[in-house]
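Chemist: My questions concern the predicted model and sequence given below.
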Amino acid sequence: MSSSCSGLSRVLVAVAAALVSASSPCPQAWGPPGVQYGQPGRALTLCCPGVTAGTPVSWFRDGETRLLQGPASGLGPELVLARAESTDEGTYICRTLDGALGGMVTLRLGYPPARPVVSCRAADYENFSCTWSPSQVSGLPTRYLTSYRKKTVPGADGQRMSPSSGPWPCLQEPPGAARCIVHGAEFWSQYRINVTEVNPLGASTRLLDVSLQSILRPDPPQGLRVESVPGYPRRLRASWMYPASWPRQPHFLLKFRLQYRPAQHPAWSTVEPAGLEEVITDAVAGLPHVVRVSARDFLDAGTWSSWSPEAWGTPSTEPLPKEISVGDQQHTQTEEEPQADSPAPPRPSLLPHPQPLDHRDPLEQVAVLASLGIFSFLGLVAGALALGLWLRLRPVEKDGPQKSGLLAPMISVDKLPGVPNL
């Protein structure tokens, strides 16, 4: 009875192994030769390399003499692991019936790929790049396939594809890097990015729709310099340049945001300069200041760039030199150093780059004048309406003689000379 049960159990094990082998065919080579891959907790099949199908072999672990599976299993050159565990990783050896070495195979365990995390950014209005990272670690060799295409646009018959809509490969620069670049993109178009993560256990795809207007983020400005203004202990001049990656075109400009603070002060002061330099007029005398600047598309497309590297500067402590002409000779006179809290501003003509003190926007001045004109017109209209209403509703005496109105003649008609009495 026991022998029949043991025989039956062997048959069931062989049938189950055959079913597992049928459901898990021998995987194709992926990555280095002689390496096969599987997932922990799943059944998998190892194939003896260099042995024809149907040839019975014996399986051993490398460095061990214990037989894992003999030629009587009926599985030919395949070794079936019903449930792979981390302890099953390693090298396996298969031998034919005559004891000759059939081959060696190394087992590595990992997980199928998950959809990668993808983000895109445009440093200018002609090109953009996308980067990615795995959403979970697979533990297996992985590569990425990247492409892009223009989004479909609505046409007369529904969604219609443009003849030049792609797809095209998104070039990974350098090859194998987790970054690809799209060159010559159209600023007003939308694109669909395809990033597919592939490993020996499968593939997973992430699709991302982007437009240059939404992902535009310039590089930080370059060449930030902070200089003191001679003779003015509360002034600093900051200047910078466009980032090298931004093409200088008249219809695609950048605006800037500048922050500064004295040393050891945590709070930043922020201004938005009109050009590539700014004069700070409220610096703290005698203290070094830290300055940084960022950039953004002047029409507010996308987002602000990251901050530039910080630059330092300290206001001047020297008096302002002044040249006075006496005859044909130039004499230099030293002015008194203005006090830090002096209400009188320095004369603009003494600055290296004189500027008027009033930096109002011309559009703002026009708006103020237009508002004053509108309010004056409305006041005149309201006054005229009030006067007309008063003339119409003023009291009139019923019994007495009627008072002459504003337009009545000063002399009665019947008293005019030469007019007969009727």
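Modeler: Arrived safely, thanks for sending. Since the structure is predicted, the reported quantities are computational estimates derived from the model, not experimental observations.
Chemist: Would you tell me what helix or strand Leu372 is located in?
Modeler: helix 362-393 (DSSP states H and E).
Chemist: so how far is that helix from its chain's centroid?
Modeler: Taking Cα atoms, centre = their mean, to the nearest Å, one finds the center of helix 362-393 at 49 Å from the center of the full chain.
Chemist: what about the stretch 101-250 of the chain, any weak spots by pLDDT?
Modeler: 152-164 (pLDDT under 70).
Chemist: where exactly do the strands run in it?
Modeler: Applying DSSP state E, counting those that start in this stretch to the stretch 101-250 of the chain gives strands spanning 101-109, 117-121, 128-133, 143-150, 153-155, 158-160, 168-169, 171-172, 179-182, 190-199, 202-211, 222-228, 236-241.
Chemist: tell me which residues of the first one are tucked away?
Modeler: Looking back up the chat, that one is strand 101-109. Across strand 101-109, burial judged by 16 or more other Cβ atoms under 10 Å covers 102-103, 105-109. Quick note: C-beta positions are derived from backbone N, CA and C, even for glycine.
Chemist: Looking at those residues, spot the one nearest Asn127.
Modeler: Arg108 (38.6 Å; Cβ to Cβ).
Chemist: Now stretch 219-232: buried residues?
Modeler: 219-222, 224, 226-229, 231-232.
Chemist: between those residues, which is nearest Leu253?
Modeler: Pro221 (12.8 Å).
Chemist: Need the nearest residue in space to the closest one, chain neighbours excluded.
Modeler: Trp240 (4.4 Å; Cβ to Cβ, 6 or more residues apart in numbering).
Chemist: got it, and Gly139?
Modeler: Gly139's closest residue in space is Gly110 (Cβ to Cβ, 6+ apart), at 3.6 Å.
Chemist: can you count the residues close to that neighbour?
Modeler: 19 (other Cβ atoms under 10 Å).
Chemist: Hmm, it is touching Gln136, no?
Modeler: No - between Gly110 and Gln136 no contact is recorded; they are 10.5 Å apart, counting by Cβ atoms under 8 Å.
Chemist: Can you name the residues that contact Leu236?
Modeler: The neighbourhood of Leu236, defined by Cβ atoms under 8 Å, 6 or more residues apart in numbering, consists of 226-229, 260, 279-280, 283, 289, 291, 313, 315.
Chemist: if I look at it, how far off is Thr91?
Modeler: 68 Å (Cβ to Cβ, to the nearest Å).
Chemist: Give me the local confidence score for Pro354.
Modeler: Here the pLDDT value assigned to Pro354 is 40.
Chemist: and Cys120, how many neighbours does it have?
Modeler: Neighbours of Cys120 under the rule other Cβ under 10 Å: 22.
Chemist: Just give me the neighbour total for the spatially closest residue to it that is not a sequence neighbour.
Modeler: Sequence neighbours aside, Cys130 is the residue nearest to Cys120 in space, at 4.2 Å (criterion: Cβ to Cβ, 6+ apart). Number of residues near Cys130 (other Cβ under 10 Å) recorded here: 24.
Chemist: does Cys130 really touch Tyr191, like I thought?
Modeler: No - counting by Cβ under 8 Å, Tyr191 is not a contact partner of Cys130; they are 9.6 Å apart.
Chemist: residues shared between the contacts of the two?
Modeler: Joint contacts of Cys130 and Tyr191 (Cβ under 8 Å, 6+ apart) are 182, 210.
Chemist: Ends of stretch 56-75, what's the gap?
Modeler: With Cα to Cα, to the nearest Å as the measure, stretch 56-75 spans 7 Å from end to end.
Chemist: Can you give the distance of it from its chain's centre?
Modeler: 57 Å.
Chemist: wait, what's in contact with the residue nearest to Pro221?
Modeler: Trp240 touches 221-225, 256, 276-277, 293, 308, counting by Cβ under 8 Å, 6+ apart.
Chemist: could you measure it against Val118, distance?
Modeler: 32 Å.
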